[in-house]
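>>> Coordinates for the following, if possible.
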Amino acid sequence: MIMADRPQQNREERMMWGVTKRAAVAAAVVVGAVWPAAAAAAPAEERAAAGETVCPDRNPEGSTPYRPVGTSAGQFAECTRGVPVLLDCPKGLLWNLRLNVCDWPWRAKETVAATETLLRPTPEGLSARVTWEGEPLYRAEVVITAPDGTEACSAWTDDTGRALCEDLDADGSGYTARYEGTEILTGSSATGAG
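Residues are numbered from 1 along each chain as shown. Reported below is the predicted structural model:
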């Protein structure tokens, strides 16, 4: 996002954007806050074949290279050649879903987005997919509970928004997949048909 594109910003917002972006990049480089994506080893074509990815190989004209992550409202993913790279917002700031910047908490919480969780059996096990506004959500923790209410599995979503519990050989009947959410993303759940 270029500052010239945002003439309506006041001085405080311009300063916050510049400080936030520089601080996030500096934190990623200096502190080592950059985490490679779990599926980074696979080519983008393979990830895309498995389902829509968080980060396309190239960002379409006018789109942002930034995405929210499911672990914390104080983090975001920057798309680099089709791979999401996690970055931290400076302490005390949260990711603003609409402005695509680290922002003051009171303003970031005004942009809360709903998530959706889908649960389905696969040959590998039970799979849950978490999305926000139709986009896959990266690094969201999904807890799958058995029909008796016990926790059967906990897994993190990959760059296609998919969490897989490989040890579960079930048809999904009565199982529930739950994503707790963050300050800026609502929680969601899905129950397998029985």
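>>> name the element the spatially closest residue to I144 that is not a sequence neighbour belongs to?
Nearest residue to I144, sequence neighbours excluded (CB to CB, 6 or more residues apart in numbering): C153, at 4.6 Å. Heads up, the C-betas are built off the backbone N, CA and C, glycines and all. In the assignment (DSSP states H and E), C153 maps to strand 151-156.
>>> in that strand, what counts as buried?
By neighbour count on 16 or more other CB atoms under 10 Å, the buried set for strand 151-156 is A152, C153, A155.
>>> With distance to Y138 added, can I get those in TSV?
Formatted as TSV, the buried residues of strand 151-156 follow (distance: CB to CB, whole Å):
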residue	distance to Y138
A152	23
C153	19
A155	13
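>>> which among those residues gets closest to W104?
Taking CB to CB as the measure, W104 lies nearest A155 of these, at 32.7 Å.
>>> beta partners of the closest one?
Beta bridges link A155 to V142 when assigned by DSSP bridges.
>>> that older thread, which single one of the buried residues of strand 151-156 is nearest to L87?
After measuring the buried residues of strand 151-156 against L87 - CB to CB - the closest member comes out as A155, at 22.9 Å.
>>> so what pLDDT did that closest one get?
On pLDDT, A155 comes in at 92.
>>> you'd agree it is up against G161?
No - between A155 and G161 there is no contact under CB atoms under 8 Å: 12.0 Å.
>>> so who does the closest residue to L164 other than its chain neighbours touch?
Once flanking residues are discounted, L164 sits nearest to S127: 5.1 Å by CB to CB, 6+ apart. Listed by CB atoms under 8 Å, 6 or more residues apart in numbering, the contact set of S127 reads L119, R120, P121, R162, A163, L164, C165.
>>> Return the closest of those residues with respect to A177.
Nearest member of the contacts of S127 to A177, counting by CB to CB, is L119, at 4.2 Å.
>>> Next, work out how far apart that closest one and A108 are.
In this view, L119 and A108 are 29 Å apart by CB to CB, to the nearest Å.
>>> Ok, L97 next?
As judged by CB to CB, L97 and A108 stand 8 Å apart.
>>> where do the contact lists of the two overlap?
The overlap between the contact sets of L97 and A108 (CB under 8 Å, 6+ apart) consists of I184.
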